[in-house]
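In: Prediction below, plus the sequence it came from.
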Amino acid sequence: MTRPEVLAGVDDVALDGRTVLVTGATSGVGRETALALGRLGARVLAHGRNREAGQALADDLRALDADPVFLRADFSDPEAPTALAGAVAERVDALDVLVNNAGAYFGEGRLVDGVELTFRVNHLAPFELTRALSDTLADDGRVVTVASAVHPRADASDLTLDAVTSVEDYDGFQAYARSKLANVLFTRELSRRDPGRLVNCCHPGLVPGSGLWRDAPFRVSVAVRLLAALPNPLLERVADSPRSAAATSVFLAAGDYDVTGDYFSDCEPTEPSPTARDDELARDLWTLSERLLGGPDGE
């Protein structure tokens, strides 16, 4: 099998002495990303919700001499991102790479602390985690956020206070697209605010083997399960395996490039939707996110 680091063209990169945090690392794309970075020599801090799966990943990373640490947190809990950042700061002097990989799809609408759950887990959690790790992240560190090519389905009207604090007429795919648009806009604004670091996001591909689809509508979930059952070489002709989908995240974490604030697909910069390139909307989203988290505009 071709590993993500080989697909990304970074299999000769040495990450010895570097520390990375991969969220959502216990399965799917996140697991493949964590293992690839471990094979490149990085110390891997792995986040996930399931302790048993986390310990299994830690065992595999330990076999690679990756000096792993598993950190459990559930991003549906509003307190989890800050707590996770604190746990990271207790264990490392500096973090070199943050991979915001964790994400979820919810078939039914739900509010948690007044915020729609998909938006909370997929955008607010990495937004808050990244900000909380600002002092821990190395001055030349990297932030990689996994977005999606479904982001063009959403537009500015999906990113208002009313839209993200309501589940009336809830549409799971629209909520997911909104959160992924937010990922791209967050990357754009963070790169403007933090020009010393490399901050990029990416589309991993269509990944039937991802647990992301477990709550999708019946017809979609059946089709996805059928695709996921295909052997990887056959699957990768029509979609992505978690292994091939991890390649772009691994490239952004370990590759040689100097662009920031960009959206990548297949390890190359790719132009996102016009809405995702709206700098004013990116600034407004940052302000809205702070407000929802009780920041300067929400106190």
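Out: Structure received. Numbers count the residues shown, from 1 in each chain.
In: residues contacting the closest residue to V150 other than its chain neighbours?
Out: Spatial nearest neighbour of V150, chain neighbours left out: A177 (4.7 Å); criterion: CB to CB, 6 or more residues apart in numbering. Every residue, glycine included, has its C-beta placed from N, CA and C. A177 makes contacts with 148, 150-154, 158, as judged by CB atoms under 8 Å, 6 or more residues apart in numbering.
In: Just the buried subset of these, please.
Out: Buried members of the contacts of A177, counted by 16 or more other CB atoms under 10 Å: 148, 150-154, 158.
In: pLDDT wise, what is D297 at?
Out: D297 is assigned 44 on the pLDDT scale.
In: what does stretch 112-128 rub up against?
Out: Contacts to stretch 112-128, defined as CB under 8 Å, 6+ apart, come from residues 23, 75-76, 78, 80-82, 100, 102-106, 109-111, 145, 164-167, 170, 172, 175-176, 178-180, 182-183, 186, 289, 292-293.
In: Repeat that for stretch 270-280.
Out: Stretch 270-280 has contacts (CB under 8 Å, 6+ apart) with 147, 151-152, 154-156, 181, 184-185, 188-189, 192, 203, 263-264, 281.
In: Go through the buried ones among the contacts of A177 and name the one nearest G255.
Out: The closest of these to G255 turns out to be S148 (CB to CB; 20.4 Å).
In: Quick check: the gap between the residue lying closest to that closest one once chain neighbours are set aside and P152.
Out: Distances taken as CB to CB, 6+ apart place K180 nearest to S148, at 4.0 Å, with adjacent residues excluded. To P152, K180 is 9 Å away according to CB to CB, to the nearest Å.
In: Check A247 too.
Out: For A247, the distance to P152 - CB to CB - is 22 Å.
In: Low-confidence regions, the stretch 1-150 of the chain specifically.
Out: For the stretch 1-150 of the chain, the stretches flagged by pLDDT under 70 are 1.
In: mind listing the strands in it by residue range?
Out: Secondary structure of the stretch 1-150 of the chain by DSSP state E, counting those that start in this stretch: the strands cover 19-22, 43-48, 69-72, 95-100, 111-112, 115-116, 137-146.
In: how about those strands in JSON lines, adding mean neighbour count?
Out: Putting these into JSON lines (neighbours: other CB atoms under 10 Å) gives the following:
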{"stretch": "strand 19-22", "mean neighbour count": "28"}
{"stretch": "strand 43-48", "mean neighbour count": "27"}
{"stretch": "strand 69-72", "mean neighbour count": "19"}
{"stretch": "strand 95-100", "mean neighbour count": "26"}
{"stretch": "strand 111-112", "mean neighbour count": "14"}
{"stretch": "strand 115-116", "mean neighbour count": "22"}
{"stretch": "strand 137-146", "mean neighbour count": "21"}
